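Trainee: Take this sequence and fold it.
(one chain, ligands or ions: 2)
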Amino acid sequence: MVDPVSAPGNAVGEYDQDRVEAAIRELLLAVGEDPDREGLRETPARVARSYREIFAGLFQEPADVLTTTFDLGHEEMVLVKDIEVYSTCEHHLVPFHGVAHVGYIPGADGRITGLSKLARLVDVYARRPQVQERLTSQIADALVEALQPRGVLVVVECEHLCMSMRGVRKPGSRTVTSAVRGQMRDVATRAEAMSLVIGR
Ligand SMILES: Nc1nc2c(ncn2[C@@H]2O[C@H](COP(=O)(O)OP(=O)(O)OP(=O)(O)O)[C@@H](O)[C@H]2O)c(=O)[nH]1
Ligand SMILES: [Zn+2]
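Mentor: Ligands and ions are numbered 1, 2, ... in the order given. As a prediction, this is how the structure comes out:
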């Protein structure tokens with residue numbers, strides 16, 4: 001038995017490697033496969049290890065990653081764009097992937113966070129069963145809470161494999177969602193942020 005991982009995040013229980021393994025074996029049987037054939041023998045254990053990583057965000061809190069802040073007195077917009085996103089659609093349990101652009105205007109105290117922390121924050125929420133709208137707003141709200149910035153803009157652009165490989169089968173379509181908080185709602189500020197997002 002591998003150590004269960006238990007931490008708050010959004011989880012209602014702990015990660016149970018043995019149970020995931022048993023469920024994957026059962027799933028293989030249910031779809032008509034033979035889980036004992038050579039190619040599949042190790043698959044339940046592999047998938048269980050892989051899900052532990054893919055859903056690790058269930059056991060992480062945004063506060064865990066937004067720990068490093070600096071008082072640089074910087075009062076202008078900070079934007080990290082094209083942060084790679086890999087998440088899992090909670091309706092079909094298949095991936096959706098693309099990029100996130102995360103920007104904020106520091107608060108009156110000029111407190112900022114490390115740039116990598118913005119990407120880590122995206123991962124905390126992406127590594128859970130998700131819908132893109134919730135992913136987008138959770139990132140924005142976590143930044144508001146941690147940094148008390150003047151404004152936040154989060155834009156996420158993803159392709160959903162549930163729309164590409166099955167169902168409606170429209171490969172290449174991308175879904176764009178945004179969450180805007182505080183002064184980023186101002187027309188001119190939002191336009192400046194969006195031009196930075198769009199500019200390549
Ligand atoms: N709003 C939103 N919808 C999503 C997201 N990911 C998947 N969906 C949609 O969730 C819906 C689920 O619809 P259902 O009718 O319950 O499921 P379904 O029969 O598998 O639907 P199809 O995908 O159309 O075959 C689909 O329209 C998906 O495209 C997401 O992140 N946000
Ligand atoms: Zn889906």
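Trainee: CA atoms for contacts and neighbours, from now on please.
Mentor: Noted.
Trainee: residues touching the spatially most central residue of the chain, list them.
Mentor: Nearest residue to the geometric centre of the chain (Cα atoms, centre = their mean): Ala126, 1.7 Å. For Ala126, the contacting residues are Gly57, Val85, Tyr86, Ser87, Thr88, Leu135, by Cα atoms under 8 Å, 6 or more residues apart in numbering.
Trainee: Reformat these into JSON lines and put secondary structure next to each item.
Mentor: Converted to JSON lines, the contacts of Ala126 look like this (DSSP: H, G, I helix; E, B strand; the rest coil):
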{"residue": "Gly57", "secondary structure": "helix"}
{"residue": "Val85", "secondary structure": "strand"}
{"residue": "Tyr86", "secondary structure": "strand"}
{"residue": "Ser87", "secondary structure": "strand"}
{"residue": "Thr88", "secondary structure": "strand"}
{"residue": "Leu135", "secondary structure": "helix"}
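Trainee: now those as a markdown table including neighbour count and distance to ligand 2?
Mentor: Listed next are the contacts of Ala126 as a markdown table, based on neighbours: other Cα atoms under 10 Å; distance: Cα to the ion, whole Å:
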| residue | neighbour count | distance to ligand 2 |
| --- | --- | --- |
| Gly57 | 24 | 19 |
| Val85 | 21 | 15 |
| Tyr86 | 19 | 13 |
| Ser87 | 27 | 11 |
| Thr88 | 24 | 8 |
| Leu135 | 25 | 14 |
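Trainee: closest point of the chain to ligand 1, which residue?
Mentor: Val131 (3.3 Å; Cα to the nearest ligand atom).
Trainee: mind listing what the nearest residue to Tyr86 once chain neighbours are set aside touches?
Mentor: Spatially, and ignoring its direct neighbours in sequence, Tyr86 is nearest to His97 (4.5 Å; Cα to Cα, 6 or more residues apart in numbering). If you count contacts by Cα under 8 Å, 6+ apart, His97 has them with Glu84, Val85, Tyr86, Ser87, Cys158, Glu159, His160.
Trainee: Now name the helix or strand holding Glu76.
Mentor: According to DSSP states H and E, Glu76 maps onto no helix or strand at all.
Trainee: show me where pLDDT drops low in the chain?
Mentor: Residues of the chain meeting the criterion pLDDT under 70: 1-8, 200.
Trainee: for it, what spans make up the strands?
Mentor: Along the chain, counting by DSSP state E, strands occupy 69-71, 78-89, 95-105, 111-113, 129-130, 151-160, 175-182.
Trainee: how about CSV for those, with distance to Ile24 added?
Mentor: Below are the strands of the chain laid out as CSV (distance: least, Cα to Cα, whole Å):
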stretch, distance to Ile24
strand 69-71, 41
strand 78-89, 17
strand 95-105, 17
strand 111-113, 40
strand 129-130, 17
strand 151-160, 23
strand 175-182, 30
